[in-house]
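1. Any chance you can model this:
(one chain, ligands or ions: 1)
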Amino acid sequence: MKRILTIQDISCVGKCSLTVALPIISAFGIETSVLPTAVLSTHTAFNGFTFQDLTANLTSITKHWKEQSIDFDAIYSGYLGSFEQLKIVSNIFNDFKTDKNFILVDPVMGDNGKLYSGFNQEFTDSMAQLCSHADIIVPNLTEACFMLHEQYIPHGYDEDFIKRILKSLTSLGAKKAVLTGVTFDGVNLGVYGYDSEKDEYFSYFKEKLPESFHGTGDVFASALCGALTRGKSLKDALTIAVDFTVESIKHTLENQDRNWYGVDFETALPQLIKSINK
Ligand code: PXL
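-> From the prediction side, this is the model:
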C-alpha cells in the first residue's frame, strides 16, 4: 500500500487541513501518516480560536521515523504557522525525499486577495522558498501573487497573465505549478497547470457555483495528492480533484442544514472512490 505523509495543523472543528486530508487520502486506498503542526480549536475564520503550537515535537517525531526506516510515496504540506515550521518542513523534505517519491506543497496563506490571520508578506516570501523544494505546488491566485510580489487581480485577467504567473511560479524551483480558482469569464472556474520539464500547460474548468466555502483548497490538494500517488497523470489527477471539489460544494449547497465553515466532502466520497478505480 502506498503511504503519504501530510504535514499540517489539526483544526478540531472546521473541516480543513488534517480532518479533510486524512479521510480523503484514505479513500484512495492510501495509508495516511500525519505530522500535526498545531492544534487549533477551530480554523482561523472563527472568532477566538485557541492555538497550541506543536513545533517543539516535530523533529523528535521525524527522527524516530528515520530510526525505524519509515519512508513515504509522497509528502504533502499544507497550512504551516511559523517561520520555524517552514524551516523544519524544509529539513523534512531533505531527509525524506527519494528519487521515487514526490513533494507537494500547498502554500496555504490566503484567498480573495487577502492573507489569513497571522500571515504577512515576509511569511509569503519564506513560503516561496519552501515551494522551491517541491515537485508540485498548488497555490490559489492570491497566494501566488503574494509569493511573486505581483498585484492581485480578482477578475478580468487573461490566459497570458495566468501563463506568466505559472512560469514565474516554476522559476521559484518547483517543477510543476497548479493555480486554483482561475476564472476568465466569471462563469467557469477551474485550475490551470504548468509542467516546466515538458513545457506543457493544462487547464480544467467547470461551471462556477454561486457560493464559495472554506476548506475547498484542502479538499482539492488532498484529492490531487491522492490521485498522483495512485499513479494518475497530472491531467487526470487534476480532473479527479476538481470534479471531487465541485461535487463537494454541490452537496453542501443541497444541504439545508449546511454550516458556513466547510464543505460536505463526505457525501462526495463514494463517487470519488468510483472515479479512482475507473
Ligand atoms: O483551509 C486552510 C486552513 C488550514 N488551517 C487553518 C486555517 C485555514 C484557513 O483559514 O485557518 C488553521
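2. contacts, neighbours, all on C-alpha from now
-> Noted.
3. which bits of the stretch 1-150 of the chain sit near the ligand?
-> Within the stretch 1-150 of the chain, the residues that sit near the ligand (CA under 6 Å from any ligand atom) are 9, 11, 16-17, 43-45, 79, 108, 116.
4. Give the ChimeraX command for selecting the buried subset of those.
-> Of these, the buried ones can be selected in ChimeraX as follows, counting by 16 or more other CA atoms under 10 Å:
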select :9,11,16,17,43,44,79,108
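5. Turn the residues of the stretch 1-150 of the chain next to the ligand into CSV, columns for secondary structure and pLDDT.
-> Shown next, in CSV, are those (DSSP: H, G, I helix; E, B strand; the rest coil; pLDDT from 0 to 100):
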residue, secondary structure, pLDDT
D9, strand, 98
S11, strand, 98
C16, coil, 98
S17, coil, 98
H43, coil, 95
T44, coil, 93
A45, coil, 92
Y79, coil, 97
V108, coil, 97
Y116, coil, 92
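6. Tell me the one of the residues of the stretch 1-150 of the chain next to the ligand nearest D158?
-> Proximity of these to D158 (CA to CA) peaks at V108, which lies at 24.0 Å.
7. The stretch 151-278 of the chain: helices as residue ranges?
-> 159-171, 216-229, 234-254, 265-276 (DSSP state H, counting those that start in this stretch).
8. Identify whichever of those helices lies nearest to A134.
-> Judging the helices of the stretch 151-278 of the chain by CA to CA, what sits closest to A134 is helix 159-171, at 9.8 Å.
9. Mind listing what's buried along the closest one?
-> Result for helix 159-171 [16+ other CA under 10 Å]: buried residues 162-163, 165-167, 169-170.
10. What of stretch 91-107?
-> For stretch 91-107, by 16+ other CA under 10 Å, it's 92-93, 96-97, 102-107.
11. Please state the backbone phi and psi of whichever residue of the stretch 151-278 of the chain sits closest to the ligand?
-> Closest contact between the stretch 151-278 of the chain and the ligand, by CA to the nearest ligand atom, is at G215 (4.0 Å). Note on G215: backbone dihedrals following degrees, to the nearest 10 are phi 90, psi 0.
12. Verify the stated contact: it with G262.
-> Yes. Using CA atoms under 8 Å, G215 is in contact with G262, at 5.6 Å.
13. Looking at those two now, which is surrounded by more residues?
-> Using other CA atoms under 10 Å as the criterion, G215 and G262 rank with G262 on top: 22 against 19.
14. E84 versus that one, what's the distance?
-> 28 Å (CA to CA, to the nearest Å).
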